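Novice: Sequence first, predicted coordinates after that:
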Number of protein chains: 2
Amino acid sequence: MPALIRDVSSIDFSDVPGTRGAQIKWLISPKDGAPNFAMRLIRIEAGGEIPEHSHPWEHEIFILKGSGRIRVNETVYEVSEGNAILVPPDVPHEYHADTEMLFLCLIPNSGVPPEYR
Amino acid sequence: MPALIRDVSSIDFSDVPGTRGAQIKWLISPKDGAPNFAMRLIRIEAGGEIPEHSHPWEHEIFILKGSGRIRVNETVYEVSEGNAILVPPDVPHEYHADTEMLFLCLIPNSGVPPEYR
């Protein structure tokens, strides 16, 4: 199997339904042969949000640009560029962007929707 | 379990033995409760390299800064800022930095050394 090299600029953002101003690019997924986990780039416009949701898989996040807040259960965390974040499985969480935020968000393949498998 | 928020600047780089000019920061690991995969930040100085090696787990990489080359089997890929890369399991691969390179490198927990478990 060859390596995959994919520039972020080669993929268009898709709107994330149910959010206000969030978009996603799938960078690496099981479709590409990723054996265990998937890499996505997420953009939230300034003032935008991904409302509370919960699922049985974790997020590993790295913030490339911007700042905002992540609420996990009842705790609100201020986050900004250069932060690595682990959102545990099975906890209600939501995201608010204060400035335009751009972050990598990785999930195990168990959380990948059918269209990227 | 609470979320983990860790700024890259809060961790020191450690030298990567057997390389020329490569250093690593572990950002998220099983020690932090990561259920499935680990996030590391790797720096290779300009002209530095991580020589050929191989292992039964994949890498998912995102290049934050710089440019260089990744050889996978017999193919050399030019890589630069904004590239997402999947290095498949069980293939010989090596890294060369042309300018100072900074990249995230994620691996499944099966590849995490004992000191980060």
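Specialist: Received it, and whenever you're ready, just let me know what you need. Numbers count the residues shown, from 1 in each chain, chains lettered A, B, ... in the order given.
Novice: so what's the backbone phi/psi at A:I28?
Specialist: When read as degrees, to the nearest 10, the backbone of A:I28 gives phi -140, psi 130.
Novice: Could you tell me the model confidence score at the residue nearest to it when sequence neighbours are not counted?
Specialist: Of all residues not flanking A:I28 in the chain, A:M39 sits nearest, at 4.2 Å (C-beta to C-beta, 6 or more residues apart in numbering or on different chains). Just so you know, the C-beta spots here come from the backbone N, C-alpha and C atoms, and that holds for glycine as well. pLDDT recorded at A:M39 is 98.
Novice: Does A:M39 touch A:L106 like I think?
Specialist: Yes - counting by C-beta atoms under 8 Å, A:M39 sits close enough to A:L106 to count as a contact (5.3 Å).
Novice: any common contacting residues for those two?
Specialist: Common neighbours of A:M39 and A:L106, counting by C-beta atoms under 8 Å, 6 or more residues apart in numbering or on different chains, are B:E60, B:L106.
Novice: Helix or strand: which one has the residue nearest to A:I28?
Specialist: Remark: A:M39 resides in strand A:37-53, with elements defined by DSSP states H and E.
Novice: could I have that strand exported to PDB, CA atoms only?
Specialist: Provided in PDB are the C-alpha atoms of strand A:37-53 (Å, rounded to 0.1, in the frame of the first residue of the first chain):
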ATOM      1  CA  PHE A  37      -8.600   6.400  13.300                       C
ATOM      2  CA  ALA A  38      -9.600   9.300  11.100                       C
ATOM      3  CA  MET A  39      -8.300  12.800  10.700                       C
ATOM      4  CA  ARG A  40     -10.700  15.800  10.000                       C
ATOM      5  CA  LEU A  41     -10.200  19.500   9.800                       C
ATOM      6  CA  ILE A  42     -13.000  21.600  11.400                       C
ATOM      7  CA  ARG A  43     -13.600  25.300  10.900                       C
ATOM      8  CA  ILE A  44     -16.000  27.300  13.100                       C
ATOM      9  CA  GLU A  45     -16.700  30.800  12.100                       C
ATOM     10  CA  ALA A  46     -16.300  33.600  14.700                       C
ATOM     11  CA  GLY A  47     -19.400  33.400  17.000                       C
ATOM     12  CA  GLY A  48     -20.300  30.000  15.600                       C
ATOM     13  CA  GLU A  49     -21.000  26.800  17.600                       C
ATOM     14  CA  ILE A  50     -21.400  23.100  17.500                       C
ATOM     15  CA  PRO A  51     -24.200  22.500  20.000                       C
ATOM     16  CA  GLU A  52     -24.100  19.900  22.800                       C
ATOM     17  CA  HIS A  53     -23.800  16.300  21.600                       C
END
